[in-house]
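In: please find the sequence and the predicted model below.
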Amino acid sequence: MDRKLTIEWQDPMPLAQAARSLSGLEFLLAVRDGKLPPAPIQQLIGMRLAEVEAGRAVWELTPGEQHYNPIGTAHAGVAATLLDSAMACAVHSTLPQGKGYTTLEFKLNLVRAVTVKSGTLRAIGRVVHGGKSTATAEARLEDAAGALYAHATTTCIILG
């Protein structure tokens with residue numbers, strides 16, 4: 001059987017400009033609702049922003065063979081990308097217009113292999129501490145039944 005994956009994306013710079021012109025929550029709601037185009041990474045791995053509110057963000061992905069590593073499970077980078085996105089967007093959702101952030105560090109713990117049999121996974125991120133110069137967040141990667149696949153923590157620096 002032939003396997004192919006075609007990926008299309010838009011120029012990411014207008015999206016980055018929109019991120020600077022809206023509050024974090026307004027920006028993320030516009031992404032979730034399709035009023036702004038998805039970021040290229042969303043298109044690349046097939047993830048979507050499912051939920052967002054102040055201090056909380058949820059990303060979803062249904063793993064496929066295109067995510068697999070040479071040993072027959074999804075690459076850890078897929079879980080890392082979902083968890084990093086959930087945590088960073090949870091932080092972003094708390095920022096006013098004109099403020100930004102970037103990830104300083106994150107730690108990932110993998111506890112169960114991700115495969116096509118896992119079904120849709122949800123990375124649920126929430127802010128633990130939101131300060132003026134740094135923020136911390138945590139996230140869990142779970143399946144529909146709530147089984148834990150991975151968990152992570154992050155520190156973000158607040159910019160602007």
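Out: Arrived safely, thanks for sending.
In: which residues touch residue 129?
Out: Each residue near residue 129 by C-beta atoms under 8 Å, 6 or more residues apart in numbering is listed here: 135, 136. For every residue, glycine as well, the C-beta is placed using N, CA and C.
In: mind checking the end-to-end distance for stretch 144-151?
Out: Start-to-end span of stretch 144-151 (C-alpha to C-alpha, to the nearest Å) is 16 Å.
In: what distance separates it from the centre of its chain?
Out: Chain-centre distance of stretch 144-151: 15 Å, with C-alpha atoms, centre = their mean, to the nearest Å.
In: chain neighbours aside, what residue packs nearest to residue 127?
Out: Once flanking residues are discounted, residue 127 sits nearest to residue 55: 4.2 Å by C-beta to C-beta, 6 or more residues apart in numbering.
In: that neighbour and residue 95 touch, don't they?
Out: No - when contacts are counted by C-beta atoms under 8 Å, residue 55 is not listed as touching residue 95 (10.7 Å).
In: other SSEs contacting the biggest helix by length in the chain?
Out: Counting by DSSP state H, the longest helix found in the chain is helix 76-92. Under the contact definition 3 or more C-beta pairs under 8 Å, 6 or more residues apart in numbering; DSSP states H and E, helix 76-92 sits against helix 24-32, helix 40-45, strand 56-61, strand 100-110, strand 121-130, strand 134-142, strand 148-159.
In: which residue of this protein sits farthest from its center?
Out: The C-alpha centroid of the chain is most remote from residue 1, which lies 31.4 Å away (C-alpha atoms, centre = their mean).
In: just give me the neighbour total for residue 74.
Out: Close neighbours of residue 74, defined as other C-beta atoms under 10 Å, add up to 23.
In: what's near enough to touch it?
Out: 63, 67, 68, 113, 114, 115, 118.
In: residues of stretch 47-63 that come out buried?
Out: Neighbour counts using 16 or more other C-beta atoms under 10 Å place 47, 49, 50, 52, 55, 56, 57, 58, 59, 60, 61, 63 of stretch 47-63 among the buried residues.
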